[in-house]
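In: Just a sequence and a predicted model for now, questions to come.
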Amino acid sequence: MGSDPDILSSIRSSGIGAAIWTRPLDPGFLTWIDGLPTERLPDFRAVVPVHLVEAAVIAACEAAGTPQGNARDMLTGDIGALALIFSAILSVREVRVRLEVIRETMCPKFHVDAVQARLLCTYRGSGTEYVPEAPGGETRQIRQTARGSAALFRGRLWPDAEPTGLLHRSPEVTPDGRARFLLVIDPVE
């Protein structure tokens, strides 16, 4: 875990189950995204060449009626930048991008994804929860990524098949019922 984007590259090191880039989001951006009606948030899934991710997200924002302006430019630029970082670390040219408006708990059980690696970033709502894998069902302390952090988790298909030792899940829906807005990036090989 660290405040520099280079921390994400540490996912390649032995014994690392996740790398988390902790980064604060601009307060104006947070106010903007929290104030958007959920129907104006882009809900998007596509396989995209990494150099076209930002353009694809801009098109998804247009389709959703996401208001133009600096905050939207921050969102689309950030997603494009995260896709570039992800693709450089995993040496892939295409990525599967998913922007989801989540109104209910999606993955309530701790798990390891059936991918090589997955990048998760929560722009609105609670961050992803994670916990060290425990032998015999032993309870461990649950941790949570901060909103805006970019978390890169190893999956079951990691090349050397080294166990990750780290499980993650979606957080519970907040009592106020506010939708979560999540970015997911997976490699396409």
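Out: Good, I have the coordinates.
In: now the helix or strand bottoming out on mean pLDDT in the chain, how far from the centre of its chain.
Out: The weakest-scoring helix or strand in the chain, judged by mean pLDDT, DSSP states H and E, is strand 166-169 (a mean of 86). Centre-to-centre, strand 166-169 and its host chain are 13 Å apart (C-alpha atoms, centre = their mean, to the nearest Å).
In: helix or strand right after that strand?
Out: strand 180-188 (DSSP states H and E).
In: Could you please name the strands that following strand pairs with and the direction of each pair?
Out: If you go by DSSP bridges, strand 180-188 pairs up with strand 94-102 (antiparallel), strand 117-124 (antiparallel).
In: and the spatially most central residue of the chain, what are its bridge partners?
Out: Centroid check for the chain by C-alpha atoms, centre = their mean gives Leu120 as the closest residue, at 1.5 Å. Following DSSP bridges, Leu120 is listed with bridge partners Ala151, Val184.
In: Using PDB, write down the CA coordinates of the least confident helix or strand of the chain.
Out: Taking Å, rounded to 0.1, in the frame of the first residue of the first chain, the C-alpha atoms of strand 166-169 are listed here in PDB:
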ATOM      1  CA  LEU A 166      -5.700 -12.500   0.200                       C
ATOM      2  CA  LEU A 167      -9.500 -12.500  -0.400                       C
ATOM      3  CA  HIS A 168     -11.800  -9.600  -1.200                       C
ATOM      4  CA  ARG A 169     -15.600  -8.900  -1.500                       C
END
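In: That one - contacts with which helices or strands?
Out: For strand 166-169, the packing partners by 3 or more C-beta pairs under 8 Å, 6 or more residues apart in numbering; DSSP states H and E come out as strand 129-132, strand 150-154. (C-beta placed from N, C-alpha, C; glycine too.)
In: what residues does it touch?
Out: With contact meaning C-beta atoms under 8 Å, 6 or more residues apart in numbering, strand 166-169 is reached by 17-18, 107-112, 120, 128-133, 151, 153-154.
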